[in-house]
Structures are given as C-alpha cells and as structure tokens.
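J.: no FASTA, just this:
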C-alpha cells in the first residue's frame, strides 16, 4: 500500500509540472526565453545543447561504417558502385533469409563489427539494388539496373 503522504506529494508535484508547462507555453515567456538564450549563446560560444538522439544517430552511423568496412573492406554497392551516401547502403543476405536472424539492425551490425558473425553470406548493396535483389529472390523477376549511380 502506498503511503497517503506520498500520494499527496506526487499530486503536488504533478500540479507544479503542469503549471510549468503551461507557463513556458505563454507567448511573452517564449519571447523572453528566446532572447535570453540568443544572448547566452553569443556570450558562451562553447555552449552546446544536449541532443541525445543526435548522439545515438552519430554512434549508429559510425557502427554502420565499421560493419560495412569489416564486411568487404570497400564501402560501396557491389552491384552499381554507389558510394556517395553511407545511409543508403545496406548489408544484404546473398541467399535471403535475413528475417530469420531475430536481432535488431544495431545488434546485427554490432555482431559484424565485433567479428561474432561471419560475413561470407553477406554483401553490400544500395537500397535500390537491395530491393531489386529481394524481388528477384521472392518472385523470380530479374531486374537490370541500367544506370551507374557512382
């Protein structure tokens, strides 16, 4: 059973939190805060706001590049040679069956980077070539990529 004093305390905290949210949504407060932060950034050029998602994205991108390098040493599409944007490159299962590995993409890339998984049955393809490979395996339709993207 929860102590009644704790329930009252949590109710009070909730009211304060809601009040703060409403207060900071008011136009005159937003304007004042914006002005203050602009001046603060000017006075403190070393100030960097904390962006946790950006940090995660940067770490994931670095892990992706490491995994792609470990795969074959060259970070480019094996089919068309595309290498301009690493975000559009994907690790492809040559014989299909990638869904059978019940792991997330980050776990998959981590296992490649740490050499816990072999890369004999993998190659690097751009998104377009990977989809064409999937259609070829699934439906037997051969797609020819006519244009070199690199």
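T.: Perfect, I can see it now. Not measured: the values here are computed from a predicted model. Numbers count the residues shown, from 1 in each chain.
J.: centroid residue for this protein?
T.: Centroid-nearest residue in the chain: residue 57, 4.5 Å away (criterion: C-alpha atoms, centre = their mean).
J.: quick one: pLDDT of that residue?
T.: We note a pLDDT of 73 for residue 57 in this prediction.
J.: show me the strands in this structure, by range?
T.: The residue ranges that make up the strands of the chain, judged by DSSP state E, are 89-93, 122-126.
J.: between the first one and strand 122-126, how many degrees?
T.: Direction vectors for strand 89-93 and strand 122-126, defined by axes from the mean of the first three to the mean of the last three C-alpha atoms, to 10 degrees, enclose an angle of 140 degrees.
J.: other SSEs contacting strand 89-93?
T.: Secondary structure elements in contact with strand 89-93, counted by 3 or more C-beta pairs under 8 Å, 6 or more residues apart in numbering; DSSP states H and E, are helix 52-72, helix 105-113, strand 122-126, helix 127-139. In short, each C-beta sits where N, CA and C put it, glycine included.
J.: residues in contact with stretch 31-38?
T.: With C-beta atoms under 8 Å, 6 or more residues apart in numbering as the contact definition, stretch 31-38 has outside contacts at residue 24.
J.: how close does the residue nearest to the centre of the chain sit to residue 15?
T.: 36 Å (C-beta to C-beta, to the nearest Å).
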